[in-house]
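Asker: sequence unknown, structure follows:
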Ligand SMILES: Nc1ncnc2c1ncn2[C@@H]1O[C@H](COP(=O)(O)OP(=O)(O)OP(=O)(O)O)[C@@H](O)[C@H]1O
Ligand SMILES: [Mg+2]
């Protein structure tokens, strides 16, 4: 799919939020960015690709409301419209995940074209009629078949990096995977940005790590940095994203800034094809 065709046909922009490292802020970023993008009037879908189902829980979708989930979307011929759930947030919808997703690698193993299954299912469901502007995919902490499916389909990747001593550890493996996907499954795949998360201003180490990451990865890194903020971590237990739970906390302000930068970076790609 060409970018210009995507816009002309109102095909949504797919964003994969990915890092095989666990607990770096993928789900928190999906929830808060998707909510703020939805608040700007865009129609947004979250596709929960993690068997932990944290994005689904974080939006208050209870387990018994997940009878139809990402698993059914991938494995049965269930129509997408029966699987998508509304959330309490205007313009924000979700395909929730449930535990059965944890066996998906084995279930997919026997299938043909298993790496492009998600892409083909979206095609089959005639995505232009579904009318979403953005689809955010919350990836699991592994470079497994679900992550590969997400990368095979995505227009853009966002990579959250926790601002800690081993921040860059594992990134080279992810970059190799991205290169391979570009060669084989998705030439158009672009890194929209690398996002520093859980930044602690009181800690000199955070500053050093930021300098290190920026000097290594340059413009790939979002200017916006997400601070370590207790409100962001409390919010999921109240079944809402931080940006709704406490709009004014530093974490929410950072995600609002990120959303502005998200739109600017996306536009730059349209105009120049690169950042
Ligand atoms: N900026 C932040 N400040 C404070 N806590 C945060 C922040 N971002 C995320 N957290 C908390 O850190 C934990 C991990 O975050 P999150 O679930 O978003 O990471 P993840 O990469 O999706 O994890 P996993 O790999 O397990 O899916 C959660 O408890 C979350 O609430
Ligand atoms: Mg997660």
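Answerer: That came through fine. On a predicted model such as this, the values are computed, not experimentally measured, just so you know. Ligands and ions are numbered 1, 2, ... in the order given.
Asker: Could you pick out the residues of this structure near ligand 1 for me?
Answerer: Within the chain, the residues that sit near ligand 1 (C-beta under 6 Å from any ligand atom) are 22-28, 50, 52, 54, 141, 197-198, 226, 228-229, 232-233, 236, 251. C-beta coordinates here come from the backbone N, C-alpha and C atoms, glycine included.
Asker: residues in contact with whichever residue of the stretch 1-150 of the chain sits closest to ligand 2?
Answerer: For the stretch 1-150 of the chain, the nearest residue to ligand 2 under the criterion C-beta to the ion is residue 27, separated by 3.3 Å. Applying C-beta atoms under 8 Å, 6 or more residues apart in numbering, we find residue 27 in contact with 50, 54, 55, 58, 138.
Asker: can you put the residues you listed in CSV and add pLDDT and neighbour count?
Answerer: Output for the contacts of residue 27, formatted as CSV (pLDDT from 0 to 100; neighbours: other C-beta atoms under 10 Å):
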residue, pLDDT, neighbour count
50, 97, 23
54, 97, 19
55, 97, 29
58, 97, 25
138, 98, 29
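Asker: out of these, what pair is the most spread apart?
Answerer: Across these, the longest distance by C-beta to C-beta is 11.1 Å; it joins 50 and 58.
Asker: so how far is stretch 241-261 from its chain's centroid?
Answerer: Relative to the centre of its chain, stretch 241-261 is centred 16 Å away, using C-alpha atoms, centre = their mean, to the nearest Å.
Asker: And the contacts of that stretch?
Answerer: 28-29, 31-37, 39-40, 58-59, 89, 193, 195, 222-227, 229, 231-232, 234-235, 238.
Asker: May I see the buried residues of that stretch?
Answerer: Going by neighbour count (16 or more other C-beta atoms under 10 Å), the buried part of stretch 241-261 is 241-246, 249-252, 254-259.
Asker: Taking the residues of the chain next to ligand 1, please make a ChimeraX selection of just the buried ones.
Answerer: Entered in ChimeraX, the line below selects the buried ones among the residues of the chain next to ligand 1, by 16+ other C-beta under 10 Å:
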select :24,25,26,27,28,50,52,54,141,197,198,226,228,229,232,236,251
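Asker: In helices only, show me the residues of the chain next to ligand 1.
Answerer: 26, 27, 28, 54, 232, 233, 251 (DSSP state H).
Asker: wait, isn't the third one in contact with residue 197?
Answerer: Yes - taking C-beta atoms under 8 Å as the definition, residue 28 is a contact partner of residue 197 at 7.3 Å.
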